[in-house]
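Enquirer: kindly return the folded structure for what I paste below:
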Amino acid sequence: MYKVLIVDDEPLFRYYMRTKLDWSSHGFTICGEAANGAEALEEAKRSHPDLAMVDISMPYLNGLELTEKLNLNLPGMVVVFVTGHNEFEYAQAALRLGVFDYLLKPFNQEEFAAVLTKVKKKLELGKKEVGMLHPNVRDLTRQDGANKPAGSLDGAGLFAEPAEAQGRDPNEAPVSYELHPGAHEMLLSALKMRDPEAAQTEIRRTVALFSPHRTGGRFAFTVLMGYVSLCLSYASKRGMNPESLWKPAGSPEDYLRQLSSWKEVEAWLISLYEQVIEYKEDRRPSKSYNLYFAAKRYIHQHYSDPDLTVERVAGGMFVDASYLRKVFRKEGDISVLDYIMYTRMRRAKELLAEGNVKLADIAEKVGYTDPGYFGKCFKKYYGMPPSEFEQREIRVRSTRR
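Expert: This next block holds a predicted model:
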């Protein structure tokens, strides 16, 4: 029996995957499950699964980041993305990076069986490809590029593989990237918190990793399509028509490919997030809308106060605390306490990224009197302790030199 790890942040879906699907008749057995990418990585190291069924959008480590780590730690393991329709193009792009296949939710028994059959054949072949590449990805990618119209940037331009770029020595060592930790989660938080500045910061930091190089390869394309997919998925939930954000291109994937410089990529992604963050069905600012943003400004000014509470914020706005809670739920779909935590963690992340700042000083600056408790909160929020986060930031900076 081949071992399977199920990774999804929805408990009911994990239950469905575990109990309602006939794994054993296909030669598979469940060896573990995880609710987020960080848990999945630890469970994979412990149980050594042959197959990981991975949700794309998860806390701490998203599906793409998890796949990257699994490639490094468990070469030969097969990854299949389980995704919603809003993430379809992201899943397709991920095939080029090394994900073996994907299943679209909701899927039926026939689709499930078809994917397991392909996975089993892959495992039985016993190919020890460290990158876990889809068997025909390289050939399919080249064929797709040959069939695209003139002007398409597939296989050329920003997202060509570095060795394929003109003037590049094909024997030159490939460029290695390490993403800023927690970028995907911070972008999702920026959308929920209606914080365009935070979105700008994360997008610019990511593009800055690729911009020193003439091409970013399929990895850059898949990472950036992940950001696009996240934004468009959230736009759909807000009732916005996402197609308006990339027209007249045929798809957001086409739009991204046709951009000819990293500055254009950065500008389009920032514009995309700003439009979604600023979207309001009723364009007239309401009383609750204005109160929501005034309360956010108050939190930004007082987040370093350890005694900052919902009642303190409400008092600063001269409203009742229960009313302020309702306003935050209506206008931001979040709680007041969640926004206070978000503001503190975002600032802590910025201070850690600067380097050479004591943990106790950072804790005090973001409203924590106990550095140990701050460390636990940071790990719960980002999926790693502050020390590991700081070391990753150091490695990221070194790749940009």
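Enquirer: and residue 384, what helix or strand is that in?
Expert: Per DSSP states H and E: residue 384 is located in neither a helix nor a strand.
Enquirer: just residue 6 next, same as before
Expert: If you go by DSSP H and E, residue 6 is part of strand 2-7.
Enquirer: sheet partners, orientation included, of that strand?
Expert: Sheet pairing here is set by DSSP bridges, and for strand 2-7 it gives strand 28-34 (parallel), strand 51-55 (parallel).
Enquirer: may I have the helix or strand following the shortest one as CSV, with CA atoms only?
Expert: When you say that, I think you mean strand 51-55. Tracing the chain past strand 51-55, the next element assigned as helix or strand by DSSP H and E is helix 63-73. The C-alpha coordinates for helix 63-73 follow below in CSV (Å, rounded to 0.1, in the frame of the first residue of the first chain):
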residue,chain,number,x,y,z
GLY,A,63,0.3,24.7,-1.3
LEU,A,64,3.1,26.1,-3.5
GLU,A,65,5.4,26.9,-0.6
LEU,A,66,4.7,23.5,1.0
THR,A,67,5.5,21.7,-2.4
GLU,A,68,8.8,23.6,-2.6
LYS,A,69,9.8,22.3,0.9
LEU,A,70,8.6,18.8,0.2
ASN,A,71,10.7,18.7,-2.9
LEU,A,72,13.8,19.5,-0.8
ASN,A,73,13.0,17.2,2.1
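Enquirer: hey, C-alpha coordinates of the strand holding residue 6 in CSV?
Expert: Once side chains and other backbone atoms are set aside, the C-alpha atoms of strand 2-7 remain, and they are given as CSV (Å, rounded to 0.1, in the frame of the first residue of the first chain):
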residue,chain,number,x,y,z
TYR,A,2,1.2,3.5,-0.9
LYS,A,3,0.9,6.0,2.0
VAL,A,4,-1.2,9.2,1.6
LEU,A,5,-1.0,12.5,3.5
ILE,A,6,-4.1,14.7,3.4
VAL,A,7,-3.5,18.5,3.8
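Enquirer: the closest residue in space to residue 394 that isn't next to it in sequence and residue 375, how far apart?
Expert: Once its chain neighbours are removed from consideration, residue 394 has its nearest residue in residue 355; the separation is 6.8 Å (Cβ to Cβ, 6 or more residues apart in numbering). Where you see a C-beta, it was placed from the backbone N, CA and C, and this is true even at glycine. Distance from residue 355 to residue 375, counting by Cβ to Cβ, to the nearest Å: 17 Å.
Enquirer: neighbour-wise, which of the two wins?
Expert: For residue 355 and residue 375, the more surrounded residue by other Cβ atoms under 10 Å is residue 375, and the numbers stand at 17 against 10.
Enquirer: OK, contacts around residue 305?
Expert: Taking Cβ atoms under 8 Å, 6 or more residues apart in numbering as the definition of contact, the neighbours of residue 305 are 312, 367.
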